[in-house]
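# kindly generate the corresponding structure for this input.
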Amino acid sequence: MTVAHTVASLDPDAGGPSRTVSALCEALGEHSTSVELVTTDAGGKGQAMTPSAEAAQTTFVPSHPLWTRVRQFYTATRARIHQTGAELVHDHGVWLLTNAASYYAAQAQGVPYVLTPRGMLEPWALNHNAWKKNLVWYAYQHRILKGAALLHATAPAEATHLRALGLDAPIVVAPNGVTVPQQWKQKSDSGTMRQALFLSRVHPKKGLLNLMEAWAAVDPPDWELVIAGPDENDHQSEVEARAVELGITDQVSFPGSIPDAEKWALYRASDLFVLPTFSENFGVVVAEALASGIPAITTTGAPWSVLEERDCGWWIETGVDPLVEALREATTCSDAERLAMGRYGRELVKERFAWPAIAQTLAGAYRWLLDPTVGRPESVVPRGAAVDTKDLTGL
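Residues are numbered from 1 along each chain as shown. Okay, the predicted model is just below:
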């Protein structure tokens, strides 16, 4: 089976999909699936999160001016489908013209189109810059979503939201994965200072202004807060300004983007992970933190109820007050208690979020889409059926 994946960028500063799409392609390639990947060279090929050549063949489309880039993306996708005999196209993300190019390339070649929205159709995301998205929705995005042969949601909650938008295509529910590092936090530093970490895009949807308010309210002694990740639309200046207003600049640092080669050491150097987000379809950084052996705090805007079910973190309502309560509890736990929670979290990730199992789930959905006689996998919600979260694995 040959599958063509398409994504707008593999630039690590573009967010989680750059990493997870690449890792998924590698896992599929190792699962006896022939994988083609079409993307752009935004951010530079040298920085791109490119899957190994043994697992996937990657085609880079030059980042020319918009219309040239879109035309070349369409042409490259059609060419790779034709040349390799790809049996379906699996596209990642919505709203971009490259998504339209992928859809129409699949249509032109007569192969099914599979779409992973990557959380971009979650309620908070739809309301952010809603007027722009409404224009794109009616221009082409709604037509593409209706034309998809299969949708991929990374959590049952996301699948429910897709149904609420009137999308009746079958939905395969499979979480994002994480590569479990060999090294992980097994003991606390000998000093007295402890570190809480946020590692993601510095973007309004991540709830960092709430985090500043909550951190100032708790004012945990002998703790520091690291806000790491690429700045989007100068939101970091807003967060820094709020830290100044609250008088916590001596407790908060902003190291900027962290190269992938260095992020695991940063996780291990931390004692607590915090993602106070308004909306995530998955939140791969939560899985990475758990895999590194540190407990996590995140909100009901992310599908991580399992944090409390498995005693490896705190799953709270969005807002300042719930975050204050969670931070106060987390920072007053003993080192031994936090390390134990980290161990539970690491075991959870190894059990549920290893890439080989996720690749197997998606490969099974592909095979069923191409040949329904093989039987519908349990991970697939049938066309038009309501989402019963009790019947789905994952978060």
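# can I take it that Leu225 is in a helix?
No: counting by DSSP: H, G, I helix; E, B strand; the rest coil, Leu225 falls outside a helix, being strand.
# hmm, it is touching Ser253, no?
Yes: counting by Cβ atoms under 8 Å, Leu225 does reach Ser253; the two are 7.5 Å apart. The way it works is simple: take the backbone N, C-alpha and C, and place the C-beta from them, glycine included.
# what comes into contact with stretch 136-150?
88, 94-95, 99-100, 103, 107, 112-115, 133, 151, 165, 167, 169-172, 365, 369, 380 (Cβ atoms under 8 Å, 6 or more residues apart in numbering).
# can you rerun that using 6 Å?
Stretch 136-150 has contacts (Cβ atoms under 6 Å, 6 or more residues apart in numbering) with Val94, Trp95, Ala100, Tyr103, Pro112, Tyr113, Val114, Leu115, Leu167, Ala169, Pro170, Leu369.
# in which helix or strand would I find the third one?
Meaning Ala100. helix 97-109 (DSSP states H and E).
# where along the stretch 1-150 of the chain do the helices fall?
Under the criterion DSSP state H, counting those that start in this stretch, the stretch 1-150 of the chain contains helices at 16-29, 66-84, 97-109, 123-127, 130-136, 142-147.
# got the buried residues for the third one?
Okay, so that is helix 97-109. Leu97, Thr98, Asn99, Ala100, Ala101, Ser102, Tyr103, Tyr104, Ala105, Ala106, Gln109 (16 or more other Cβ atoms under 10 Å).
# returning to what we had before: of all the helices of the stretch 1-150 of the chain, which lies closest to Pro322?
Of all the helices of the stretch 1-150 of the chain, it is helix 123-127 that lies closest to Pro322, at 16.3 Å by Cβ to Cβ.
# now the closest one: average pLDDT?
What helix 123-127 shows for mean pLDDT is 89.
# go on, stretch 58-67?
Stretch 58-67 carries an average pLDDT of 90.
# buried set for it?
Those would be Thr58, Thr59, Phe60, Val61, Ser63, for stretch 58-67 by 16+ other Cβ under 10 Å.
# which of those residues lies closest to Leu266?
Distances from Leu266 to the buried residues of stretch 58-67, taken by Cβ to Cβ, are shortest for Thr58, at 27.5 Å.
# hey, where'd the strands end up in this protein?
All strands of the chain, identified by DSSP state E, fall at 2-7, 34-40, 56-61, 88-92, 113-116, 150-153, 171-173, 194-199, 223-228, 252-256, 272-275, 296-299, 313-316, 380-381.
# for the last one, what is the distance to the chain centroid?
Meaning strand 380-381. Centroid separation for strand 380-381 versus its chain: 20 Å, with Cα atoms, centre = their mean, to the nearest Å.
# and for stretch 40-48?
19 Å.
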